[in-house]
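Enquirer: following is a predicted model, sequence given first.
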Amino acid sequence: MRKLLIVIALTLAAAGAGGRERVSAQNVDAWVGSYYMAPRPDDVADALAALAARGLLDSSQAEASLSGFFAEVFRANPGRVEGWIQPYVGVPRRYVIYTALWMAHSRESMAALQRISDMAPMEEGAALRVLRGTLPPSVESIPIESPATLDFLWGSFYASGSEVPVLRIIDQMKLASRRGDPSAVLIGETAQRSIAANARQHDKVLAIVKERARVADPETRARLEEIASAVEAERARK
């Protein structure tokens with residue numbers, strides 16, 4: 001899923017003069033990746049249906065990034081959450097929706113999660129009721145213990161355009177130098193690759209990289225300057 005969302009085309013297709021193409025299984029990746037540039041909540045129902053058709057709402061690989069994305073969308077549009085989740089009430093293993101509702105943690109999202117848990121199969125419903133009773137972390141405080149959390153943070157950025165999740169990912173980059181700690185090295189290397197990939201695709205990420213480089217610690221600054229220089233050199237060759 002990292003490849004699906006991080007290395008992503010950002011072109012929005014038009015259906016004609018002043019028109020736009022309906023979100024489908026074929027273009028939902030681009031819709032997710034560019035949502036923050038021009039939020040289109042009217043397309044959310046189609047996007048969820050497209051992702052369901054591709055089997056991504058119950059995919060462990062997709063859960064982190066898509067949950068981060070839809071948590072922001074649900075939080076920003078509380079009055080529409082009930083309608084968006086209606087087709088999935090009673091449908092098992094909609095893990096992306098469950099996590100996104102929990103992480104959004106609005107009155108409306110928690111009510112929707114309760115409705116889903118009441119209609120879910122017994123074992124799943126019990127797990128969802130336990131989930132509802134716990135307080136989710138925020139983007140600012142979520143522990144980064146695996147690359148999956150980086151995926152969650154990128155999903156949050158794609159929906160909101162906020163610099164907060166990007167800065168949190170940048171702060172993990174120097175873990176790549178923590179020899180003797182394979183888990184930390186994996187997080188650090190993944191963070192650096194994902195920052196580089198997204199800086200190529202998103203002008204906003206590149207701007208965040210440059211700004212952070214001005215105030216970062218020396219190791220992080222060197223990594224950020226290398227990324228920014230590489231991206232600008234690539235663009236100059238085009």
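Expert: Now that the structure is in, tell me what you want to look at.
Enquirer: show me where this protein has helices.
Expert: Applying DSSP state H to the chain gives helices spanning 2-6, 28-33, 44-53, 60-76, 81-85, 95-104, 107-119, 122-132, 147-160, 163-170, 182-201, 203-215, 218-237.
Enquirer: now do the second one: distance to the chain's middle.
Expert: Pointing back at helix 28-33 there. Between the mean C-alpha location of helix 28-33 and the chain-wide mean there is a distance of 11 Å, by Cα atoms, centre = their mean, to the nearest Å.
Enquirer: show me what counts as buried in it.
Expert: By neighbour count on 16 or more other Cβ atoms under 10 Å, the buried set for helix 28-33 is 28-33. Glycine gets a C-beta too; all of them are placed from N, C-alpha and C.
Enquirer: check the residues you listed and tell me the two furthest apart.
Expert: With Cβ to Cβ as the measure, no two of these lie farther apart than V28 and G33, at 9.6 Å.
Enquirer: Serialize the buried residues of helix 28-33 to CSV and add fields for distance to R94 and pLDDT.
Expert: Supplementary listing: these in CSV, determined by distance: Cβ to Cβ, whole Å; pLDDT from 0 to 100:
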residue, distance to R94, pLDDT
V28, 16, 97
D29, 19, 96
A30, 23, 96
W31, 19, 97
V32, 17, 98
G33, 22, 97
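Enquirer: closest to G180 among those residues?
Expert: When these are compared against G180 (criterion: Cβ to Cβ), the nearest one is G33, at 35.7 Å.
Enquirer: what distance do you get for the closest one to S117?
Expert: Here the criterion is Cβ to Cβ, to the nearest Å. By it, G33 lies 31 Å from S117.
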